[in-house]
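1. Fold the following for me, if possible:
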Amino acid sequence: MFETSTSPSDIIGALDRIYQDSVSALTSALQAYLRHGQTPDPSERAEGIFCYPELVIMYNPDGPPPPISRAFGKISEPGTYTTTVTQPEFFRRYLLEQLQPLLEDYDITVEVRRSAQEIPYAYVWEQGHADGLDEINPAELARWFPSPRLGDIGDEIADGEDIQGHETRPLALFDGLRTDFSLKRLEHYTGTRVADFQRYVLFTNYHRYVDAFCDWGLRRISEKGRYRRLAVSGGPTLDTDDSEARGIINDASGRRYQMPAYHLTAEGGCGITLVNIGVGPSNAKTITDHLAVLRPECWIMVGHCGGLRHSQAIGDYVLGHAYLRDDHVLDAVLPPDIPVPPIAEVQVALQEAAAEVTGESGDDLKRRLRTGTIATTDDRNWELRITDSTRRFNQSRAIAIDMESATIAANGFRLRVPYGVLLCVSDKPLHGELKLPGAANKFYERSISQHLKIGVATLEKLAHEGVALHSRKLRAFAEPPFR
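-> Below is the predicted model:
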């Protein structure tokens, strides 16, 4: 099966037809095996009845490619570009955004066909409602049905590795297998449906920000403006701010999940998702690895940090402009000597939002909000090695320390998602102002609501940027045409 088209909507429709046919064939085969012990016909599998659709773009110009300077929707070299696609209808907006500029600015041929990459049975299990499959040995299922194989799933394209033995170039950073792998992981870690994730993402490392976000979100819903509903980790969805709403949120099972998510939804996915990633760079890497397949417009960290300068006060803000990457979790794929540049549009939006929410400007804002290097460590007890730590702070000119910010920024750089960090000083460990229970409660009460408002105001500003938000700083030399 193979179709050629020049209409983005028709292309997506052709992709979806193949995808739905494959899902239907796979779920039907699973049901037949479960109910009657019937195994799939090997000859039909060989013909690709369980396979993802493949999108193929061929570009063979008579001259050099046009000098287009945008961050995506750009082809730098002639050739054939391919990727497999999962859930084309779910990714319709993203696919339209990528295809439209390519069709307008390049003389390309677009084909849609069935690939040779099979959809693992685990990724259609829920769609097939095949109750009872969990009672069958997975090794037995893998004898007859396509199953996830880690050797076929990876980030080689995103990490710029030379992929040998391929006649075609990658069209996108993530293929169908890698995307489906992460979609399942997102639901597992966050306790929410993938469909509820919004295009603008806030990360935090304290649950009190979740409470503030839910309260703020419910108020915005009641205003009957752009926000429609609040989808809460653990299952509940709220579309009104009434006396029972907070109780429903508190009773939800979201706190059982490793990184619970809360989605304030708006039309076109232009709302805000908050994820409580907890403490540590491992969680920060895990969630951003998987969120990246949704191709969010931006992600921002709003959390707490230790202030490292005497002139800082508890409750001051730190706008990350550079990062001392002592988190180590990305060293193998993005060495720490690779710079992670600030994204100008995000930095400006963060500073403007801070001025608007605090009501401060000029020197008053400068005293309250400091821009500089954030040290991110993987050692929660770094204070016990204070001699070595102080040397690192001096060398890097760091002004704050935490355990997530550099990871969030570095993985945004690596996976081409605009990023930013605005932290709030909760203690000053080098100056004897430690985070003690009584002082912590007063700090939380005073700072969290304002800090959260700055984060959401920033994302609302960035939502107006559109494609201008995507910086060319994130492009590699041999970058796939899709962002």
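
2. quick one: which helix or strand includes the residue nearest the centre of the chain?
-> The chain has L291 as the residue nearest its centroid, 2.7 Å off, counting by Cα atoms, centre = their mean. Taking DSSP states H and E as the criterion, L291 maps to helix 281-291.

3. quick one: average pLDDT of the next helix or strand after that helix?
-> Under the assignment DSSP H and E, the closest C-terminal helix or strand after helix 281-291 is strand 298-307. What strand 298-307 shows for mean pLDDT is 95.

4. distance between strand 298-307 and the chain's centre?
-> Its chain's C-alpha centre and that of strand 298-307 lie 16 Å apart, by Cα atoms, centre = their mean, to the nearest Å.

5. Next, the residues that contact the next helix or strand after it from outside, please.
-> Next in sequence after strand 298-307, counting helices and strands by DSSP H and E, comes strand 317-326. The contact list for strand 317-326, computed with Cβ atoms under 8 Å, 6 or more residues apart in numbering, reads 301, 305, 307, 331, 336, 340, 342, 347, 350-351, 354, 368-379, 392, 396, 398-400, 405-406, 409-410, 420-425, 451, 454. (Glycine included, C-beta is placed from N, CA and C.)

6. Give me the neighbour count for R380.
-> Using other Cβ atoms under 10 Å, R380 has 10 other residues around it.

7. give me every residue that touches it.
-> 279-280, 403.

8. Counting neighbours, which bits of stretch 333-346 end up buried?
-> By neighbour count on 16 or more other Cβ atoms under 10 Å, the buried set for stretch 333-346 is 333-334, 336, 340, 342-343, 345-346.

9. Output it as PDB - backbone C-alpha positions only.
-> The C-alpha trace of stretch 333-346 is given here as PDB (Å, rounded to 0.1, in the frame of the first residue of the first chain):
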ATOM      1  CA  VAL A 333      25.200  11.300  25.500                       C
ATOM      2  CA  LEU A 334      26.000  15.000  26.100                       C
ATOM      3  CA  PRO A 335      29.400  15.500  27.600                       C
ATOM      4  CA  PRO A 336      29.600  18.200  30.300                       C
ATOM      5  CA  ASP A 337      32.000  20.300  28.300                       C
ATOM      6  CA  ILE A 338      29.300  20.900  25.700                       C
ATOM      7  CA  PRO A 339      27.800  24.300  26.400                       C
ATOM      8  CA  VAL A 340      24.100  24.500  27.000                       C
ATOM      9  CA  PRO A 341      23.100  28.000  25.800                       C
ATOM     10  CA  PRO A 342      20.200  30.100  27.200                       C
ATOM     11  CA  ILE A 343      17.200  30.500  24.900                       C
ATOM     12  CA  ALA A 344      16.700  34.200  24.500                       C
ATOM     13  CA  GLU A 345      12.900  34.100  24.100                       C
ATOM     14  CA  VAL A 346      12.500  32.000  27.200                       C
END
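
10. Averaged pLDDT, it. What do you get?
-> 95.

11. now it: how far from the chain's centre is it?
-> 16 Å.

12. do the same with stretch 175-187
-> 12 Å.

13. if we can go back for a sec, for the helix holding L291, enumerate the helices and strands it packs against.
-> helix 176-190, strand 200-204, helix 405-414 (3 or more Cβ pairs under 8 Å, 6 or more residues apart in numbering; DSSP states H and E).
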